[in-house]
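> Sequence unavailable; structure follows:
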Ligand SMILES: Cc1ncc(COP(=O)(O)O)c(C=O)c1O
């Protein structure tokens with residue numbers, strides 16, 4: 001009787017505890033017991049103020065609250081409001097729009113965009129390629145759709161992007177499957193904060209061109225830019241080199257209102273497609289619109305209306321950008337404080353270029369994270385190290401955390 005189950009075979013999976021959620025819960029208990037100022041909670045993947053309260057952009061919420069009931073309540077078209085898609089494309093590329101045919105489909109956040117890429121550009125049982133440090137939900141999304149994750153090494157011996165490993169893995173996958181979807185999270189990778197440099201991007205482009213010479217290969221590069229709005233505008237430069245690729249290389253880019261507009265729970269984003277071939281983009285729009293109808297019907301109209309209103313009014317747009325800039329600066333200062341302290345105490349970090357998280361490589365991260373709980377320091381243990389969310393921790397605590405982590409690592413050697 002113990003094996004009795006009502007769920008379909010494909011839905012019976014090992015029940016795993018959500019590590020991030022579990023650690024956050026422990027941190028909340030500690031806050032109640034010892035007070036917020038006495039604990040360091042670096043488990044939350046959202047921008048929090050120094051008192052641990054979720055940052056929300058006032059300029060964005062003013063627009064949302066000014067919408068009519070009808071603007072909020074109505075259904076949106078299946079593939080999203082056309083003006084919203086236009087704004088999402090503009091907000092993503094700014095003045096670095098790649099050449100080619102471009103279109104988009106609204107999705108519930110960047111997660112929805114990843115889902116559509118997985119479903120529409122891989123076959124059942126296929127492997128999806130990403131780096132060996134990766135955002136854990138990629139795994140969940142892959143298995144939810146009966147796909148698997150294959151990985152390449154993120155770093156080479158100099159802790160730069162490991163293009164060789166990328167090329168070998170991609171080439172192997174193409175020989176096996178003849179199609180490959182790559183999930184590339186840059187700039188400001190979660191969990192490490194890595195961003196590909198311009199020269200790394202150029203070399204990666206060369207690899208795509210080389211492997212696309214076999215016309216039977218189909219390469220889909222999904223660029224997960226979840227943290228793009230917290231990078232410098234110039235970091236969008238790489239988009240420009242993504243035009244003019246052969247027709248069997250499709251570029252997909254996610255747009256999300258979660259971080260850049262603090263609309264996390266309002267669930268709005270888009271999947272954007274870029275191709276030198278018009279037919280590929282027409283097909284992209286059709287398959288993704290079908291997926292929308294088949295999975296969640298349509299997206300959150302209020303969020304789409306908010307983005308449209310922001311982009312219609314230059315003054316409002318400037319206000320949003322100015323408010324975001326303040327928080328971008330705070331994030332930068334927190335990261336600098338953490339990196340500076342880490343270097344003073346000799347704590348090795350993964351190279352950080354930007355974003356919400358910094359990672360500390362370690363072979364036994366679970367043990368370290370568990371012991372750190374005793375010191376009221378809460379970090380997320382990952383397979384390859386610890387993740388510290390600088391987005392959620394004040395500068396002062398970012399300064400003190402590295403020593404506590406280093407001492408714990410040394411004491412457990
Ligand atoms: C790397 C990465 N990709 C995608 C997402 C998707 O976020 P959302 O669906 O809220 O846009 C997140 C959110 O934390 C993320 O960290």
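Happy to help now that I have it. Values in this document were obtained by computation on a predicted structure and should not be read as measured data.
> Quick check: end-to-end length of stretch 171-186?
The first and final residues of stretch 171-186 sit 21 Å from each other (CA to CA, to the nearest Å).
> Show me the contact partners of that stretch.
114, 117-118, 121-123, 126-131, 134-135, 138, 150, 170, 194-196, 211, 214, 216-226 (CB atoms under 8 Å, 6 or more residues apart in numbering). (C-beta placed from N, C-alpha, C; glycine too.)
> Filter the residues you listed down to the buried ones.
Among the contacts of stretch 171-186, the ones that count as buried by 16 or more other CB atoms under 10 Å are 114, 117-118, 121-122, 126-131, 134-135, 138, 150, 170, 194-196, 211, 217-226.
> separation between the nearest residue to residue 263 once chain neighbours are set aside and residue 303?
The shortest distance from residue 263 to any non-neighbouring residue, by CB to CB, 6 or more residues apart in numbering, is to residue 257 (4.0 Å). Noted for residue 257: a distance of 6 Å to residue 303, by CB to CB, to the nearest Å.
> circling back: contacts only, for the residue nearest to residue 263.
Here residue 257 is in contact with 109, 263, 266, 268, 269, 303, 306, 307 (CB under 8 Å, 6+ apart).
> just to revisit the earlier point, can you narrow the buried ones among the contacts of stretch 171-186 down to the ones near the ligand?
Filtering the buried ones among the contacts of stretch 171-186 for proximity to the ligand by CB under 6 Å from any ligand atom leaves 135, 224, 226.
> Shouldn't the last one be within a strand?
No - counting by DSSP: H, G, I helix; E, B strand; the rest coil, residue 226 is not part of a strand but coil.
> which one is it nearest to, not counting chain neighbours?
According to CB to CB, 6+ apart, the nearest residue to residue 226 is residue 110 (5.0 Å).
> Would you list the phi and psi of residue 151?
Torsion angles at residue 151 (phi, psi; degrees, to the nearest 10) stand at phi -130, psi 150.
> what about it, neighbour count?
Residues lying near residue 151 (other CB atoms under 10 Å) number 16.
> And the pLDDT at it?
As predicted, residue 151 sits at a pLDDT of 98.
> In terms of pLDDT, where does residue 1 sit?
For residue 1, pLDDT reads 55.
> So residue 239 versus residue 110, what's the distance?
16 Å.
> Those two: which has the busier surroundings?
More crowded of residue 239 and residue 110, by other CB under 10 Å: residue 110, with 25 against 22.
> can you pull the pLDDT of the more buried one?
98.
> Relative to residue 375, how far out is the residue in the stretch 1-150 of the chain positioned nearest to the ligand?
Closest residue of the stretch 1-150 of the chain to the ligand, CB to the nearest ligand atom: residue 109 (2.7 Å). Residue 109 is 34 Å from residue 375, where distance means CB to CB.
> Next: residue 390.
From residue 390 to residue 375 the distance is 18 Å (CB to CB).
> thinking again about what came up before, give me the pLDDT value at the residue nearest to residue 263.
So, for residue 257, pLDDT stands at 98.
> what do you get for the one 4 residues further on?
Residue 261 is assigned 98 on the pLDDT scale.
> Apart from its neighbours in sequence, what residue is nearest it?
Nearest one to residue 261, counting by CB to CB, 6+ apart, is residue 60 at 5.0 Å.
> need the contact list for the one you found.
So residue 60 contacts 261, 262, 263, 306, 310, 320, 323 (CB under 8 Å, 6+ apart).
> Now that we have those residues, which of them are buried?
261, 262, 263, 306, 310, 320, 323.
> What ranges does the stretch 51-200 of the chain have for its helices?
58-65, 69-73, 82-93, 109-121, 137-144, 163-177, 198-211 (DSSP state H, counting those that start in this stretch).
> my bad, should have said the stretch 201-350 of the chain
Counting by DSSP H, counting those that start in this stretch, the helices of the stretch 201-350 of the chain are 278-295, 301-312, 314-345.
> list the buried ones in the first one?
Same thing as helix 278-295. Buried positions in helix 278-295, judged by neighbour count with 16+ other CB under 10 Å: 280, 281, 284, 285, 288, 289, 291, 292.
> One more: the last one?
Using 16+ other CB under 10 Å as the burial criterion, the residues of helix 314-345 that qualify are 316-317, 319-320, 323-324, 327-328, 330-331, 334-335, 337-339, 341-342.
> Quick check: phi and psi on residue 267?
phi 50, psi 70.
> what about it, distance to residue 205?
Taken as CB to CB, the span from residue 267 to residue 205 is 32 Å.
> same check, this time on residue 87
Distance from residue 87 to residue 205, by CB to CB: 27 Å.
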